[in-house]
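Engineer: I'll drop the sequence and a predicted model, then ask my questions.
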Amino acid sequence: MLSTIRLLLFAMLTLLVSAAVTTAGQQPAETISFETIIKYELGGPLDADTPIVEVVTNRREWKKVWKLAHTGFLVRPPLPDIDFDNRIVLAVFHGFTGGQCTTSITSIAKTEGGIQVFAKQTCPGVSCGPIPGNVLKPVEILMIERVEKSIRKKDPELFVELRFVECDPPR
């Protein structure tokens, strides 16, 4: 009985130590403040049906992304001036969404694994009845502080939280 308890304690201690060793080298995510440059319900590349996050680090890339974000616009607004020595731009093309859904960036974080973009998509619930068949392609362009090259060169990750909002109050 005593040897079983010792063996169990040894196993638990080993698990705790190994867990501490694997997480010791990882830095926690650091939240980055951001400024929204534009937010459209419809924009971006016509052929992109899946979400894309572009990291823009210079004026040449910025011109291309700005043009891409305004595909289908009759008149493209002037290109905003960005200080790429201190800032970078994230262009988030959310892909296709239902016409009644809204999508918004809620936060951005940087980790050793790269940039993480968090968004919330809110759609009408079942009690809202039939939803029109129109489709949107939201795009958001954000400006953040310039991050280390080792972080910005990794593919950014987009995490979308999907929420359904019911139209009829619960009874």
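Structural biologist: Okay, I see it. Predicted, not measured: the structure shown is a model, and the values here were computed from it.
Engineer: buried ones in stretch 108-124?
Structural biologist: Ile108, Ala109, Lys110, Gly114, Ile115, Gln116, Val117, Phe118, Ala119, Gln121, Cys123, Pro124 (16 or more other C-beta atoms under 10 Å). C-beta here means a position set from N, CA and C on the backbone, and glycine is covered the same way.
Engineer: ah, wrong one, I meant stretch 153-168
Structural biologist: Here stretch 153-168 shows Pro156, Leu158, Val160 as buried, counting by 16+ other C-beta under 10 Å.
Engineer: which residues are in contact with it?
Structural biologist: 51, 53, 55, 90, 92, 94, 103, 106, 113-129 (C-beta atoms under 8 Å, 6 or more residues apart in numbering).
Engineer: Average pLDDT for that stretch, rounded please.
Structural biologist: For stretch 153-168, mean pLDDT is 87.
Engineer: With stretch 126-144 instead?
Structural biologist: 82.
Engineer: end to end, how far does it reach?
Structural biologist: 37 Å (C-alpha to C-alpha, to the nearest Å).
Engineer: Could you do stretch 43-55 as well?
Structural biologist: 17 Å.
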